[in-house]
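Enquirer: Just the structure for this:
(chains A and B)
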Amino acid sequence: MTAVGVIFSSMNEENIPELSNNRTMASVPFGGRYRMIDFALSNMVNAGITTVGLMTKTNYQSLIDHVGSGKEWDLARKDGGMILLPPYVDQNETVVNTRLEALKGIIGFLQRRKEDNVVLCDCDGVARFDIQDILNFHEEKGADITMVTHNHSIVKTHYYITLKSDKEGRVNELRINPPAKGKADVYVNVMVINRNYLINLVSNAIACGYTSFGRDILAKNLDSMKVYNYKFTGYYGGIKSMATYFKHNMALLDKDVRSELFSARDIYTKVKDSAPSKYGDDAKVSNSLISDGCEIHGTVKNSILFRGVKVERGAVVENCILMQDNVIGENAKINCVITDKNVVIRDRRTLSGCEALPYFVQKGMML
Amino acid sequence: MQRKKECVAMLLAGGQGSRLYALTAKIAKPAVEFGAKYRIIDFPLSNCINSGIDTVGVMTQYEPLILNEYIGNGQPWDLDRVFGGVHILSPYQGKVKSSWFEGTANAIYQNMHFMKMYNPEYVLILGGDHIYKMDYAAMLKAHKDSKADCTIACMPVPIEEASRFGVLNTKEDGEIYEFEEKPKKPKSNLASMGIYIFTAEKLFKYLELDEQNPESSKDFGKDILPAMLNAGEKMMSYKFTGYWKDVGTVLSLWEANMDLLGDEPAFDVSDDSWKIHSRNPLAPPEYIGEKAKVSDSMIALGCEIQGKVEHSVLASNVVVEEGAYVKDAVIMAGTVVKSGARVEYSIVDEDVVIGENAVVGAPKDSGLGLDEKGCGIAVIGRNTVVEAGAKVQPGVIIDAMSNIK
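Expert: I've put the predicted structure just below:
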């Protein structure tokens, strides 16, 4: 079965407003050299999907800068490839807000495609989904819709869905924002749906004046629609808050997580041709991920350094996520800090947060 | 009107690089890894694109597989162009005759039709075995300003080393009055860097003449340049004073790698104003483990370091296990140094496995295993397995795909 990918670049931005203020969820940096969208795109490409529609809403300059023509993901193609789908806005309308409105805006795109299925995917999760396996499951079950879930403790966010399913995997209960108690099969915002089925659903929904894909379509029609639950059992890093953002970045320091995500070396990202990182005479680095272009003269422990970070002599960086082109001055000490791009921490400064509430420093700040 | 390129670059990448021994057993010298993430050819290619020259013919002959794959469509260097771009030029079979490239001049001669496709005014000839950053546009401007027929890039070298090079004897204004190929008694210390800009019509003329000369060895330094000089063509020198290193020997390749280290490295690859482009490994950031100790080193993406690494250059996806020790070493992509192993003063090629407690090389200052040039570097060719506890003596060269017990 063939499939076309559709990526929602802006959904769930409310989870991490600090990082998504000036960028889409899709372009939030992750794991030292990636952006969130790299996982969604790479998973699709690795499943043989060669056409991916990329839906944008607002603030998508950083996203466009990152994905470019799609060539880093082998998606610069004559037939299909990466297709940007910016919001379609009438003079009298406002920019789309809901998933359903967004889908309405790309009906034309969906109609022009010829693939059997559509893989809908948000950019709030770090995982190596085997989309080919999900498609096979979808076909075996004869499903109209397959929703991918991961069993974990519910974390309260502005919008989340949990599923219950029978032995066959058919969903018999779908709850939106249930009380956050205990574990559940939480929908991870990855869905397979037959293309024509999706077109009909969206067209009918527009006619009926529906606004919510989850509430008005899925939850109300579980009897008539064949909705199946694909239980993903691998590592899933859902970005639901700054604390979970911190946690799932740090999880990469665990060999098993790193190995699951990266050992196949098939997560693609934009390359910047930075030089390899350099470690000085006095560098003391332990249990850390260091990207290219870094220059380290100080101490770095339990941290993740993005491209081009400079850690000066005597500086101590612990439990930090430092994004692109940071400079940590001499003898500065920082602990549990997340810095956005181009931050400068001056000599001898001390900054500290905690794991549950990492201290966040905005893009371009000089402290 | 025919579309044209002002200047086309021709990169000679066919040499075997026999003085790198095992390191070029399976790949052409320009494809040898350098500086943790680069291959030697990244330097001339990056220089071209950074100098605004976007049409490059790469002449390959010896073991071209990896080189061809690496260059691909030229996209990593922005050399995938609608008109122009990088093109691999292999020896080919012609209707009248077919032959391998015989000498540097013949390689260019056989690709005359390639150059003529672009109707260039100038042709830049480059080698594929040097590490340097050079603005060819400035050299081209000097060539045009002086109205020369040929301009040769050169740099001052210690006079005692000059006899290893082609030496230029020049007048005050830089005009060359004599060219001596590897002279026993050099009259000047200006060494040719093997980088030439020719006014295209002159180049084509002298290539034709040289081809008709049965005595010719079909070499630029030995034949073309002297012939032009004798015929009274205007030949200028262009002095270059930056870092330039021939990496044609094991020792010079090691030295050039080490020149990248230190706070103020002799050669800086991190300069954003002159980026060295390369095909990048698809790897996560390098992981430096709990017990690792990394100092004075350059480490590429995808490495997993649990051991101790000092004053070394490690390419992508190298694994150094706990208890292993790497010092004064150049380790190329995908190599695994298992726990307890020691690698010192060595060059280890791609995808080598160094078994537990194995010992490769000896401390640099031990003075062991020196050859006649004073080099005691141990070299291990690609895909070799050094079994657990095995020993590779300093100065020894292990061929590719060996198994050392």
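Enquirer: which element is B:Ala333 on?
Expert: Using DSSP states H and E, B:Ala333 sits within no helix or strand.
Enquirer: Then A:Val186?
Expert: strand A:183-194.
Enquirer: Quick one: list the elements packing against that strand.
Expert: Contact here means 3 or more CB pairs under 8 Å, 6 or more residues apart in numbering or on different chains; DSSP states H and E; on that basis strand A:183-194 packs against strand A:117-122, strand A:125-126, helix A:131-141, strand A:145-153, strand A:161-165, strand A:227-232. C-beta: built from backbone N, CA, C; applies to glycine.
Enquirer: and A:Ile37, backbone torsions?
Expert: Main-chain torsions, A:Ile37, degrees, to the nearest 10: phi -60, psi -20.
Enquirer: shouldn't it be in contact with A:Ala26?
Expert: Yes - with contact defined as CB atoms under 8 Å, A:Ile37 reaches A:Ala26; the gap is 3.8 Å.
Enquirer: and the two? which has more neighbours close in?
Expert: Counted by other CB atoms under 10 Å in any protein chain shown, A:Ile37 and A:Ala26 do not tie: A:Ala26 has more neighbours, with 30 against 26.
Enquirer: wait, the more buried one sits on A:Glu13?
Expert: No - taking contacts as CB under 8 Å, A:Ala26 lies outside contact range of A:Glu13: 9.4 Å.
Enquirer: Just give the nearest non-adjacent residue to the residue in the stretch 51-200 of chain A positioned nearest to chain B, would you?
Expert: Closest approach between the stretch 51-200 of chain A and chain B, counting by CB to the nearest CB: A:Lys71, at 6.9 Å. Nearest in space to A:Lys71, with sequence neighbours left out and distances taken as CB to CB, 6 or more residues apart in numbering or on different chains, is B:Gln75 at 6.9 Å.
Enquirer: For the one you found, give me phi and psi.
Expert: According to degrees, to the nearest 10, B:Gln75 has phi -60, psi -40.
Enquirer: any idea how far the residue of chain A positioned farthest from its centre lies from B:Ser295?
Expert: Residue farthest from the centre of chain A, counting by CA atoms, centre = their mean, is A:Asp281 at 37.2 Å. To B:Ser295, A:Asp281 is 6 Å away according to CB to CB, to the nearest Å.
Enquirer: repeat for A:Ile49
Expert: The gap separating A:Ile49 from B:Ser295 is 44 Å, by CB to CB.
Enquirer: quick one: which of those two has more around it?
Expert: A:Ile49 (22 against 19).
Enquirer: what pLDDT does that one get?
Expert: Confidence at A:Ile49, expressed as pLDDT, is 97.
Enquirer: Could you tell me which residues of the stretch 201-350 of chain A lie near chain B?
Expert: By the rule CB under 8 Å from any CB of the partner chain, the part of the stretch 201-350 of chain A lying against chain B is A:252-253, A:258, A:261-262, A:265-268, A:271, A:273-293, A:295, A:300, A:304-305.
Enquirer: Looking at strand pairing, list the partners for A:Val118.
Expert: A:Val4, A:Ile193 (DSSP bridges).
Enquirer: Next, the contact list for it, please.
Expert: Counting by CB atoms under 8 Å, 6 or more residues apart in numbering or on different chains, A:Val118 touches A:Ala3, A:Val4, A:Gly5, A:Val6, A:Leu110, A:Val192, A:Ile193, A:Asn194, A:Arg195, A:Leu198.
Enquirer: can you do 10 Å?
Expert: By CB atoms under 10 Å, 6 or more residues apart in numbering or on different chains, the contact list for A:Val118 reads A:3-6, A:53, A:103, A:106, A:110, A:191-199.
Enquirer: Narrow those residues to just the buried residues.
Expert: The neighbour-count test (16 or more other CB atoms under 10 Å in any protein chain shown) marks A:3-6, A:53, A:103, A:106, A:110, A:191-195, A:197-199 as buried among the contacts of A:Val118.
Enquirer: quick revisit: tell me, what's touching A:Ile37 and A:Ala26 both at once?
Expert: Contacts common to A:Ile37 and A:Ala26, judged by CB under 10 Å, 6+ apart, are A:Ile7, A:Ser9, A:Leu54, A:Leu63, A:His66, A:Val67, A:Asp122, A:Cys123.
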